[in-house]
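In: With the input below, show me the fold.
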Amino acid sequence: MLAKRLFQKVLQKVHQSGLPQGSLRPAHLNPRVTVHYGIPSTSSLLSFDSLQRILAVATLDGRIKIIGGAGIECLLVSPILLPYKFLEFLNNQGHLVSITNQNDIQIWDLDGRALACYIQWETNITAFAVIQGTSYMYIGDDLGNVAVVKYDQEKAELSEMPYHIPMHIIQEASNHLDSFPSSVVEVLPQPSASDSRVLIAYANGLIILWDIYEAHIVAVRGGSNLQLKNSKAASSPSGMGDETSRLDTNDDNEEKEICCACWASADGSILAVGYTDGDILLWNIPFGSSSKHQNEGIDTSSKTFSKLQLSSSKRRIPVIVLRWCARGKNTSGGGQLFIYGGNEIGSSEVLTVCLETHFDLLDDVTFLY
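Out: Just a heads-up that it's a prediction; the model follows:
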């Protein structure tokens, strides 16, 4: 009934315009969404601009909903109707970056509510990060490469910069060349030096802290250097603490594959890493000025971390997502670690929140339910 009424209104406008009978064209019948309220269906990704207080919600069919204060809402529709795998604001710059499953990098102009530019990346993008406060971005791929791209707002152009992290240096630091090339899982600018240092986590377990200006490795974690401390279990009312404290050291020494990673401190001194076997390792990472560490060589400490387990079972699902939220702006205020995954295989899927205030004070812990 509604469609019939709409069709009659279109015919009426056609007659009023003086068009002869039979001249109706497909352009005259172009129903489309002009206004949208609420959260769209098939939502899959979120991004938040903390300065402008704007939330972006991406869907599986190429739409992006923008929600702001004072009832501000708009719907961006991509010409490429594909799911997104990355979504991030250029904070306080009025632009949003989205990357589709087919590696199309799109820059959205929020003021104009339109697509400003996009390019097709040649390799499979597996990691992405914006250097906040700038127009530069890191892109990691499945071949282990990390590139730098820049968005020129005046020209509305996205271009790749002539800067690459030499792969042979990463291979030399890994001590296990057979596992390269390995996919880049995360590229994380270090909060205390976001313009000069970036942490790169590879799927094979290797973690590199790279100095952009000095062009050298500051620290290496994981990989073949991984040696776990003797684990301890948190006290449990079920009386299972003594059993879980005796972990299999042979399993701990095996190469561990990384699923995800995030900073677990405001200054970038602690890194939380989720693995395919369900473990979560908290690594201590050197931070501070480049001049402080440039004469100290590569930091290869392998025992400066703690381990978290959400289950005492040996068969656990991979840690799929890790997110950390700080308590206030004070760097010593601690925070909460949000964990998706790491539970026993077959158990219900839950989101776990670790409420520890200072991760650097933790010993190895197994959470028992």
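In: Only C-alpha atoms from now on, for both contacts and neighbour counts.
Out: OK.
In: Would you map the helices across the stretch 201-350 of the chain?
Out: For the stretch 201-350 of the chain, applying DSSP state H, counting those that start in this stretch gives helices covering 241-244, 249-252, 290-293.
In: where along the stretch 1-150 of the chain do the strands fall?
Out: With DSSP state E, counting those that start in this stretch as the criterion, the stretch 1-150 of the chain has strands at 43-49, 54-59, 63-67, 73-77, 84-90, 95-100, 104-109, 114-120, 125-130, 136-141, 146-152.
In: Worst mean pLDDT among these?
Out: The weakest mean pLDDT among the strands of the stretch 1-150 of the chain belongs to strand 73-77, with a mean of 90.
In: among the helices and strands of the protein, which has the poorest mean pLDDT?
Out: Counting by mean pLDDT, DSSP states H and E, the chain has its least confident helix or strand at helix 241-244, which shows a mean of 34.
In: Could you pull out the buried residues of stretch 95-107?
Out: Residues 95-100, 102-107 are the ones in stretch 95-107 that count as buried (16 or more other Cα atoms under 10 Å).
In: same check, this time on stretch 129-138
Out: 129-132, 135-138.
In: Between those, which sits nearest residue 111?
Out: Distance to residue 111 across the buried residues of stretch 129-138 (Cα to Cα) is lowest for residue 135, with 16.9 Å.
In: Extract the residue ranges of the stretch 251-369 of the chain that are flagged as low pLDDT.
Out: 251-255, 289-297, 301-304, 328-333, 356-369 (pLDDT under 70).
In: before we move on, the earlier item: a markdown table for the strands of the stretch 1-150 of the chain, including distance to residue 310?
Out: Converted to a markdown table, those look like this (distance: least, Cα to Cα, whole Å):
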| stretch | distance to residue 310 |
| --- | --- |
| strand 43-49 | 25 |
| strand 54-59 | 29 |
| strand 63-67 | 34 |
| strand 73-77 | 39 |
| strand 84-90 | 27 |
| strand 95-100 | 32 |
| strand 104-109 | 36 |
| strand 114-120 | 40 |
| strand 125-130 | 26 |
| strand 136-141 | 29 |
| strand 146-152 | 32 |
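In: So for residue 183, which of the ones you listed sits nearest?
Out: strand 136-141 (6.2 Å).
In: ok, now how distant is residue 164 from residue 218?
Out: Residue 164 is 16 Å from residue 218, where distance means Cα to Cα, to the nearest Å.
In: more crowded one of those two?
Out: Comparing residue 164 with residue 218 by other Cα atoms under 10 Å, the one with more neighbours is residue 218, at 24 against 12.
In: My guess is the more buried one contacts residue 288. True?
Out: No. Residue 218 is beyond contact range of residue 288, at 11.1 Å (criterion: Cα atoms under 8 Å).
In: What distance do you get for the closest residue to residue 121 other than its chain neighbours to residue 83?
Out: In this structure, residue 121 finds its nearest non-sequential neighbour in residue 103, 5.5 Å apart by Cα to Cα, 6 or more residues apart in numbering. Distance of residue 103 to residue 83, computed by Cα to Cα: 10 Å.
In: got it, and residue 346?
Out: 28 Å.
In: In terms of neighbours, single out the busier of the two.
Out: Between residue 346 and residue 83, counting by other Cα under 10 Å, residue 83 is the more crowded of the two (20 against 9).
In: Excluding chain neighbours, what is closest to that one?
Out: In space, residue 83 is closest to residue 60, 4.0 Å off (Cα to Cα, 6+ apart).
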